[in-house]
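Engineer: I'd like to go over a predicted model; first the sequence, then the structure.
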Amino acid sequence: PLALLVIDKFYNTKKFRYLIILSLNIPLSFFSGHFQISLYFLAGAILFIMLRGLAAKTIHNTFYIILSTVVGTLLSLPQILSSMELYSNSVRSELFQLGEAIPFQYLITIISPDFFGNPVTRNDWFGHYAEWAGFIGILPLFLAIFAIIKFKVQSFDKAQDRSSKFKVIIGFFTALGFISLILAVNSPLSSALVSLKIPVLSTSALSRIIVLFSFSFAVLAGFGFDRLVREIRGVGDVRGIKELIIVFALSGLFFVSVWLLLYFGNIYPVEWLIVAKRNFILPTALFIGGAVVVFIAIKNKRFIILLAFYFLLLTSFDAFRFASKWMPFDPAQLVYPEVPIIEAIKKNIGNSRIYGNLGAEVTTYYGFPSLEGYDPLYIGRYGEFIRGAANGEFLKGERSVVK
């Protein structure tokens, strides 16, 4: 978000400080520790630069932005080069994931994230919850769809956009969102991309590009909310209200169809259907509540403030519930208790290394120099040595952990 903001700010103001912020923002991403996501971030920023440059029709400003991006990439080289060295010596560099794309039926979790259960409550029965999550909230999703439809049906009026900038930005995030979604799901395109054996992208879950879909649609939700309020206030025409009703009607038809499948379709075993039904109640209730509040505001414009509070508070509640359920917090002493073996290692480790059934989560927390390193990028020869020590046979290392 910061990178795209300062790129847009520079095109509008030509102020040098935005170039500095962009140059510093790029290494902040690469130093954060997830190389694959940083590549997606950089690719998205470059695409935005290209689009804004074409729209602004100013070559010299685009040149400064590109130069700032190059400087930021150079500042990231201490991390990038060392990551490339570590990656080339790891087991992960030789293992390609052809089956990590998101199945099409899993996209229902964009509306109901726990439709197939939740790993924390131990009732999940399908999918990779962390890798495939694209949920931004049912109300923001509706607003994003509304923004896309309004953008396609009729342009935003001159009083709002003052130029073609808003149309360019909405078009960019719409394209980025759908392209990311197409690459994330199981399709011939995603399979072809993985089969190219591109380092990092083909050896990690390509489905993680779903994060760009989530981000793009979250941005579009802001434009959708702005447009929704303008339509209700009467800035738009009667056709806009009709389009709004059509969007709600089609969305309502989707919810009805899913409930009919859950009750009469026999699509899953009974124990799975119980989980799906229970976890589809909240998204349905939020959608119905949103529809009711919108139509109340249409009938009486004084209730627009009610609309704003409903969307803000309920979206915050929905997002917080989703996040806190997936990442619950407990007292540190319950997760990392002081036990004699840990205290003994602290006193005696010195400059030695340890290996045992601990895992990077424990060794990193206590600062122990473990032999296996961080699980996806441990040195391949360590894995061969440990596996060979079991019975003397040469075996390649495991994919993610040293066993």
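Structural biologist: Happy to help now that I have it.
Engineer: Convert the C-alpha atoms of stretch 307-321 to CSV, please.
Structural biologist: In CSV, the C-alpha atoms belonging to stretch 307-321 read as follows (Å, rounded to 0.1, in the frame of the first residue of the first chain):
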residue,chain,number,x,y,z
LEU,A,307,-25.0,2.8,6.7
ALA,A,308,-21.5,4.0,7.3
PHE,A,309,-21.4,2.8,10.9
TYR,A,310,-22.9,-0.6,10.0
PHE,A,311,-20.3,-1.2,7.3
LEU,A,312,-17.4,0.0,9.4
LEU,A,313,-18.2,-1.7,12.6
LEU,A,314,-19.4,-5.0,11.1
THR,A,315,-16.5,-5.2,8.8
SER,A,316,-14.1,-4.6,11.7
PHE,A,317,-15.9,-7.3,13.7
ASP,A,318,-15.8,-9.8,10.9
ALA,A,319,-12.0,-9.2,10.2
PHE,A,320,-11.1,-9.3,13.9
ARG,A,321,-13.1,-12.5,14.4
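Engineer: ok, V362 - contacts?
Structural biologist: V362 makes contact with 336, 368, according to Cβ atoms under 8 Å, 6 or more residues apart in numbering. All C-beta atoms are positioned from the backbone trio N, CA, C, and that covers glycine.
Engineer: Just the helices from the stretch 301-403 of the chain, written as ranges.
Structural biologist: Taking DSSP state H, counting those that start in this stretch, the helices of the stretch 301-403 of the chain run over residues 304-326, 332-335, 340-348, 360-366, 380-391.
Engineer: quick one: the second one to chain centroid distance?
Structural biologist: Centroid separation for helix 332-335 versus its chain: 29 Å, with Cα atoms, centre = their mean, to the nearest Å.
Engineer: Can you give me the buried ones in that helix?
Structural biologist: Buried residues in helix 332-335, counted by 16 or more other Cβ atoms under 10 Å: none are found.
Engineer: Can I get that helix in CSV? Just the C-alpha atoms.
Structural biologist: Output of helix 332-335 as CSV, limited to C-alpha atoms (Å, rounded to 0.1, in the frame of the first residue of the first chain):
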residue,chain,number,x,y,z
ALA,A,332,4.0,-16.5,26.8
GLN,A,333,4.7,-18.7,29.9
LEU,A,334,2.2,-21.3,28.7
VAL,A,335,3.8,-21.5,25.2
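Engineer: Mind checking the pLDDT average for it?
Structural biologist: What helix 332-335 shows for mean pLDDT is 81.
Engineer: just checking, what packs against it?
Structural biologist: With contacts taken as 3 or more Cβ pairs under 8 Å, 6 or more residues apart in numbering; DSSP states H and E, helix 332-335 sits against no other helix or strand.
Engineer: And the contacts of it?
Structural biologist: With Cβ under 8 Å, 6+ apart, helix 332-335 has no contacts at all.
Engineer: sorry, back to before: kindly reformat the helices of the stretch 301-403 of the chain as JSON lines containing distance to F173.
Structural biologist: Shown next, in JSON lines, are the helices of the stretch 301-403 of the chain (distance: least, Cβ to Cβ, whole Å):
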{"stretch": "helix 304-326", "distance to F173": "18"}
{"stretch": "helix 332-335", "distance to F173": "38"}
{"stretch": "helix 340-348", "distance to F173": "48"}
{"stretch": "helix 360-366", "distance to F173": "35"}
{"stretch": "helix 380-391", "distance to F173": "40"}
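Engineer: Which strands and helices lie in contact with the lengthiest helix in the chain?
Structural biologist: Taking DSSP state H as the criterion, the chain has its longest helix at helix 270-299. Contacting helix 270-299 under the criterion 3+ Cβ pairs under 8 Å, 6+ apart are the following elements: helix 138-153, helix 210-233, helix 238-264, helix 304-326.
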